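K.L.:
Need coordinates for the following:
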Amino acid sequence: MRITRRGQVMVWGVAALALAGCSGGDEDTGASALDTILEEGSLQVCTTGDYPPFTELDADSGEFSGIDVDMARDLADSLGVEVEFVQTSWDTLMEDFLADCDIAVGGISISTERAQQAFFSEAVMADGKTPIARCEDVDKYRTVEQINDPDVTSIMPSGGTNEVFAQENYPDGDLVTHDNLTIFDEIVEGRADVMTTDRSEVLYVAHEYEGELCPTNPDEPFDYFEKAYLLPRGDVVLKEYVDQWLTMAKGDGTYDAITEPWVGDVDLSLPEDE
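P.N.:
Below is the predicted model of the structure:
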């Protein structure tokens, strides 16, 4: 059982199916967040607002924007409900999602740790960790061995997969955390040397900081993972709906149309042979 953000007791997944089997399968014994979303006319979406091009919060207007933000709006439109964004952080993403949201979006990487507490939608894109540094320093930070050095300052936001990767792979390096909104300025200004982050972010940032920051090894990422949307663990009904919506959005051009204004002709996907 799960207590949802609206205080209702939900019976999810296997338990619901088991109960349905005991009753002959004639009744729907489990409830889904999908039912509550439709009944209340509101889709609650957790997002950090600090990870463009996927999610960005305008401090002046308080409005969220980004690829995954617009995708969440499209999901809400498909349901005929309003969308309400809940700001979270990488440190509190799972806690806030479990307490307050129906879905979480914004460049979220699939990890086994997160999968212990939530479902993931079908993958939105494939990705991998790779470094970005000042353009004149590209050759210095191409490998894990080069970065794992006490004289090399690696910077990262706290609480996400970038911090986990750095702690596991750069135990001898100088590791510092910083606000994700201005983190790349720290490298430009020389207060940090390198950041290892998702290849999609590296390519986007290199485009935004053209001539200042460059990927050091973009076509040979250090690992492989996928990005997706967080959903309530065990809620098969909601997951099936979101997966079908996502399949159609990627197939009918909706996802490409939402992505293009943010990245233009920058291809964020891994090379085919990856």
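K.L.:
Contacts only, for E186.
P.N.:
Listed by C-beta atoms under 8 Å, 6 or more residues apart in numbering, the contact set of E186 reads 155, 178, 192. (Each C-beta comes from the backbone N, C-alpha and C, glycine too.)
K.L.:
phi, psi of T182?
P.N.:
Phi and psi for T182, reported as degrees, to the nearest 10, are phi -120, psi 20.
K.L.:
And the strands in the stretch 101-250 of the chain?
P.N.:
In the stretch 101-250 of the chain, the segments counted as strands under DSSP state E, counting those that start in this stretch are 103-104, 118-120, 125-127, 129-134, 153-156, 174-177, 194-198, 213-215, 225-227, 230-232.
K.L.:
Hmm, V83 and R73 touching each other?
P.N.:
Yes. Using C-beta atoms under 8 Å, R73 is in contact with V83, at 5.4 Å.
K.L.:
on that earlier part again, what is the nearest of the contacts of E186 to D60?
P.N.:
For D60, the nearest member of these is H178. The distance, counting by C-beta to C-beta, is 21.9 Å.
K.L.:
Next, format the contacts of E186 as a markdown table and append neighbour count, pLDDT and distance to A257.
P.N.:
Formatted as a markdown table, these follow (neighbours: other C-beta atoms under 10 Å; pLDDT from 0 to 100; distance: C-beta to C-beta, whole Å):
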| residue | neighbour count | pLDDT | distance to A257 |
| --- | --- | --- | --- |
| I155 | 22 | 98 | 34 |
| H178 | 18 | 96 | 33 |
| A192 | 22 | 98 | 36 |
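K.L.:
Dump the strands of the stretch 101-250 of the chain into a markdown table; add distance to W245 as well.
P.N.:
What follows is the strands of the stretch 101-250 of the chain, written out as a markdown table (distance: least, C-beta to C-beta, whole Å):
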| stretch | distance to W245 |
| --- | --- |
| strand 103-104 | 11 |
| strand 118-120 | 15 |
| strand 125-127 | 16 |
| strand 129-134 | 29 |
| strand 153-156 | 32 |
| strand 174-177 | 35 |
| strand 194-198 | 24 |
| strand 213-215 | 32 |
| strand 225-227 | 16 |
| strand 230-232 | 12 |
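K.L.:
closest to F184 out of the ones you listed?
P.N.:
Distance to F184, taken as C-beta to C-beta, is lowest for strand 213-215 among the strands of the stretch 101-250 of the chain, at 6.2 Å.
K.L.:
tell me which strands and helices the closest one is in contact with?
P.N.:
Helices and strands touching strand 213-215, by 3 or more C-beta pairs under 8 Å, 6 or more residues apart in numbering; DSSP states H and E, are strand 129-134, helix 183-188, helix 199-208.
K.L.:
Need the contact partners of that strand.
P.N.:
So strand 213-215 is contacted by 130-135, 138, 184, 187-188, 199, 202-203, 205-206 (C-beta under 8 Å, 6+ apart).
K.L.:
and that strand, which residues are buried?
P.N.:
Within strand 213-215, the residues that count as buried by 16 or more other C-beta atoms under 10 Å are 213-215.
K.L.:
That strand pairs with which strands?
P.N.:
According to DSSP bridges, strand 213-215 forms sheet pairs with strand 129-134 (antiparallel).
K.L.:
what about dumping the CA coordinates of the partner strand to PDB?
P.N.:
Extracted in PDB, the C-alpha atoms of strand 129-134 (Å, rounded to 0.1, in the frame of the first residue of the first chain):
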ATOM      1  CA  LYS A 129      29.100  10.800 -18.300                       C
ATOM      2  CA  THR A 130      31.800  12.800 -20.000                       C
ATOM      3  CA  PRO A 131      33.900  15.800 -19.000                       C
ATOM      4  CA  ILE A 132      33.800  19.400 -20.000                       C
ATOM      5  CA  ALA A 133      36.600  21.900 -19.400                       C
ATOM      6  CA  ARG A 134      38.000  25.200 -20.700                       C
END
